[in-house]
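S.K.: 3D model of this:
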Amino acid sequence: AVVSTQSTGAALKTMKVHRLEMKKKAIIVTVPESAHGNVSTALSTNLAEQPVRIRAERTCKLTVLNFPLSEEITESDQFPAAVELLRERNEELTNCDFDIVAFKRNYHNKSLCTIGLRLPAPVKRLLLDQGVVYVSNTICRVVDRVHVVQCFRCQEFHHTQNDCKKDAVCKYCGQAHSSRDCKERYKVGFKLNCVNCHKNGLKGNRVQHSASEYECPTYKHVVETMASKNV
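M.R.: Sure, this is the predicted structure:
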């Protein structure tokens with residue numbers, strides 16, 4: 001919905017709202033969180049004869065995995081390009097106000113990214129139920145964006161290095177030294193070795209990534225486990 005407001009001596013302004021409900025005792029206006037203050041001031045001024053209640057639309061975070069985005073796109077154009085691609089084939093996002101709040105290129109394939117979205121809660125639920133978004137000719141999986149704490153010392157989850165009492169483990173090679181002291185990664189033919197996936201019995205290509213990589217199977221399992229408890 002769109003609401004037009006006009007203060008005394010001011011030009012007509014148009015403001016976008018998510019929902020406008022006419023109740024017996026008041027007008028209920030649901031707006032994006034970012035516009036809450038502006039809409040509240042304008043409507044309370046112009047509709048004084050009718051009580052107005054401004055309600056901010058609750059926003060949530062969502063992660064899109066393996067999002068295809070050319071390496072040739074400059075850093076300043078990455079976010080606008082990603083937004084345009086998401087709106088192109090996803091009806092839920094076409095007229096939705098959403099922001100990109102996180103962006104990271106895949107370690108092994110720089111043309112793929114992991115991006116974090118902030119969007120209205122109802123849209124998030126629709127996309128989670130759907131499980132994917134469509135980007136050009138690619139189907140990208142979506143998961144709940146949760147805050148996963150990982151220790152930089154032992155590389156395990158749910159605690160920080162300040163609270164860690166375990167021995168240091170390198171996130172690059174998985175050996176018993178700190179990541180910053182790793183010399184193995186500079187050797188010819190070096191292959192990354194995720195200590196967490198190795199412990200979980202994975203082998204071959206499935207362990208050849210750093211322990212802090214977003215695409216790490218162990219990390220993704222932790223994210224999905226936490227997300228299932230938060231939905």
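S.K.: how about Ala81: what's its closest non-neighbour residue?
M.R.: Spatial nearest neighbour of Ala81, excluding adjacent residues (CB to CB, 6 or more residues apart in numbering): Ile73 at 5.3 Å. Every C-beta, even on glycine, is put in place using the N, C-alpha and C of the backbone.
S.K.: neighbours around that neighbour, how many?
M.R.: Other residues near Ile73 come to 14 when the count uses other CB atoms under 10 Å.
S.K.: tell me which helix or strand it sits in.
M.R.: Following DSSP states H and E, there is no helix or strand that holds Ile73.
S.K.: list the buried residues in stretch 72-87.
M.R.: Gln78, Ala82, Val83, Leu85, Leu86 (16 or more other CB atoms under 10 Å).
S.K.: so which strand or helix has the fourth one?
M.R.: This points to Leu85. Going by DSSP H and E, Leu85 is in helix 78-89.
S.K.: and the residue nearest to Ala81, what pLDDT?
M.R.: On the pLDDT scale, Ile73 is placed at 87.
S.K.: I'd assumed Gly116 was in contact with Gly102.
M.R.: For the record, residue 102 is Ala, not Gly. Yes. In this structure Ala102 lies within contact range of Gly116 using CB atoms under 8 Å: 3.1 Å.
S.K.: next, show the common contact partners of those two.
M.R.: Contact criterion CB atoms under 8 Å, 6 or more residues apart in numbering; residues shared by Ala102 and Gly116: Thr63, Arg145.
S.K.: Val101 belongs to a strand?
M.R.: Yes. Counting by DSSP: H, G, I helix; E, B strand; the rest coil, Val101 is part of a strand.
S.K.: tell me which residues touch it, please.
M.R.: Here Val101 is in contact with Lys61, Gly116, Leu117, Arg118 (CB under 8 Å, 6+ apart).
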